[in-house]
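Colleague: fold the stuff below for me.
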Amino acid sequence: MAALRSALFIVLSSLWTIFYAFVCMATAILPYRWRYTITGGWNRGVIFMARWIVGIDYKVLGRENLPPPNTGAIVLAKHQSAWETIYLMYGLGNPLCFVFKRELLWIPFFGWGIGLLRMVAINRKAGQDAYTQMENQARVRLNSGVWMILFPEGTRIPVGKKGNYKTGGTRLSVGLNAPIIPIAHNAGYCWPKHSWIKQPGTIVVSIGPAIYPNGRGMTAVHQEMETWIENEAARLPQAR
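Modeller: Below you'll find the model as predicted:
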């Protein structure tokens, strides 16, 4: 039954993606905030289908920890699946700027849509130049009230495992004096990496207290962020 529902979800979400790519392109002339809200309809549609077709529900803890909308912040989240990348774009109530590898822009329909949202597409092979590009663009985004979002582990990590936390997000926080919003979740139970079969369950998204640099060094800020995310992820129950 899970395989059948997953197959139906893949077919319908693919058709939804093709349709919505044309919606996004049709709204390209609108102001950024309008485009962002309209494009977020694709995300809402996918999360809706995941809930009613596959049975993937969710609940959010710690919304009171979010800073006021339209103030600069750096979101650093655990990365287990594609689910959180889809949900967080609209689920935090403030526009987000994702940092991602530029190759995603080449994906038909999906890449075309995100290309209209002022995201930061970087060449990972560029080394320090990639970080400089990211920092310059992040400063502009934060000043306009958009939150930056990064997955410090860099790639999806299976449930119960810990990836190597990259320091790029923490460097942005310290360098731009912006608070970190740490996020843990257990989406990997329902939407596992390298598996097209998705499992029903309730995903828990936990938002931690904001971490402010307050003149501290990058190592201390980074360790606080990593410790909170990993401890909270270990505390969350199995979603299925």
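Colleague: ok so Arg156 is a strand residue?
Modeller: No. Read with DSSP: H, G, I helix; E, B strand; the rest coil, Arg156 is coil and lies in no strand.
Colleague: can you tell me the closest non-neighbouring residue to it?
Modeller: Lys193 (4.4 Å; Cβ to Cβ, 6 or more residues apart in numbering). From N, CA and C alone the C-beta is placed, and that goes for glycine too.
Colleague: now do Gly111
Modeller: Per Cβ to Cβ, 6+ apart, closest to Gly111 is Leu105, 4.4 Å.
Colleague: ok, the one you found - contacts?
Modeller: Gly111, Trp112, Ile114, Gly115, Ala121 (Cβ atoms under 8 Å, 6 or more residues apart in numbering).
Colleague: surely the last one meets Trp106?
Modeller: If I follow you right, that is Ala121. No. Counting by Cβ atoms under 8 Å, Ala121 stays clear of Trp106, with 10.1 Å between them.
Colleague: and those two? Which one has more around it.
Modeller: Ala121 (18 against 10; other Cβ atoms under 10 Å).
Colleague: mean confidence for the host helix or strand of the more buried one?
Modeller: If you go by DSSP states H and E, Ala121 is part of strand 120-122. For strand 120-122, mean pLDDT rounds to 76.
Colleague: please apply the same query to stretch 161-181.
Modeller: If you average the pLDDT over stretch 161-181, you get 95.
Colleague: may I have it as PDB, with CA atoms only?
Modeller: Provided in PDB are the C-alpha atoms of stretch 161-181 (Å, rounded to 0.1, in the frame of the first residue of the first chain):
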ATOM      1  CA  LYS A 161      23.400   9.700  11.800                       C
ATOM      2  CA  LYS A 162      25.400  12.900  12.100                       C
ATOM      3  CA  GLY A 163      27.000  14.600   9.200                       C
ATOM      4  CA  ASN A 164      30.000  16.900   9.100                       C
ATOM      5  CA  TYR A 165      28.700  20.400  10.000                       C
ATOM      6  CA  LYS A 166      30.100  23.000   7.600                       C
ATOM      7  CA  THR A 167      30.800  26.400   9.000                       C
ATOM      8  CA  GLY A 168      29.400  28.600   6.200                       C
ATOM      9  CA  GLY A 169      26.200  29.400   8.000                       C
ATOM     10  CA  THR A 170      28.000  30.200  11.200                       C
ATOM     11  CA  ARG A 171      30.500  32.500   9.400                       C
ATOM     12  CA  LEU A 172      27.500  34.400   7.900                       C
ATOM     13  CA  SER A 173      26.000  34.800  11.400                       C
ATOM     14  CA  VAL A 174      29.200  36.100  13.000                       C
ATOM     15  CA  GLY A 175      30.300  38.200  10.000                       C
ATOM     16  CA  LEU A 176      26.900  39.800   9.500                       C
ATOM     17  CA  ASN A 177      25.900  39.800  13.200                       C
ATOM     18  CA  ALA A 178      22.700  38.000  12.500                       C
ATOM     19  CA  PRO A 179      21.000  35.500  14.800                       C
ATOM     20  CA  ILE A 180      20.800  31.800  14.000                       C
ATOM     21  CA  ILE A 181      17.500  30.000  14.000                       C
END
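Colleague: got the phi/psi numbers for the nearest residue to Thr167 once chain neighbours are set aside?
Modeller: Among residues not flanking Thr167 along the chain, His222 sits closest, at 5.7 Å (Cβ to Cβ, 6+ apart). Note on His222: its backbone torsions stand at phi -60, psi -40 [degrees, to the nearest 10].
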